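Chemist: Sequence and predicted model, in that order:
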Amino acid sequence: MNTGLLTALRFQPLPRHEWPGEGRRAAEETESVLMDRHSPPRTEPHPLGEVLSQLFALRGYGRVRGERRLQEVWREIAGQTIARHTRVLGVNGGVLHVGVASSALLSELAAFHKHSLLARLQSVHPQLQVRDLKFKLRGDLGSPGGC
């Protein structure tokens, strides 16, 4: 038998640049992952600002500061009397959630003050991009007393 024919019949993998679509992409992704895993660690120092920023994000300091700032904004918009019996719970999807100490105050805020508070919030602090206010009863805030 001819040895040239045996060589031709033996399986030889195609070079990567000749692989069809999916196989080629999979090979490239695998190669990139392996190259990243085996690349030497970064040896130059990281800028201090970058390290501190990552630390603050990991520890949640930015979130606490942001929540405090939201409470200050709410106090400015709602006034001391309302703010004393409410607490900002957070912003989710452009909706500012506010905890309210009593059902009577919740009803009053939702029925009579929601639209004016929202309009004032949107005009004074448009960067917050608040599109709605939601009030939630929170008994842990204490009773409003002389509201």
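Modeler: Nice, I can see it.
Chemist: can you map out the helices along the protein?
Modeler: Taking DSSP state H as the criterion, the chain contains helices spanning 3-9, 21-38, 48-59, 61-78, 80-83, 103-108, 114-124.
Chemist: If you count neighbours, what's buried in the last one?
Modeler: Looking back up the chat, that one is helix 114-124. Within helix 114-124, the residues scored as buried using 16 or more other Cβ atoms under 10 Å are 114, 117-118, 121. (Each C-beta comes from the backbone N, C-alpha and C, glycine too.)
Chemist: Show me which of these is closest to Val88.
Modeler: Using Cβ to Cβ, the shortest approach to Val88 within these belongs to Leu121, at 11.0 Å.
Chemist: Quick check: that closest one touching Ile77?
Modeler: Yes. The criterion here is Cβ atoms under 8 Å, and Leu121 meets it with Ile77 at 5.0 Å.
Chemist: pLDDT below threshold where in this protein?
Modeler: Across the chain, the ranges flagged by pLDDT under 70 are 1-43, 51-66, 142-147.
Chemist: can you tell me how far Arg87 sits from Leu118?
Modeler: Taking Cβ to Cβ, to the nearest Å as the measure, Arg87 falls 17 Å from Leu118.
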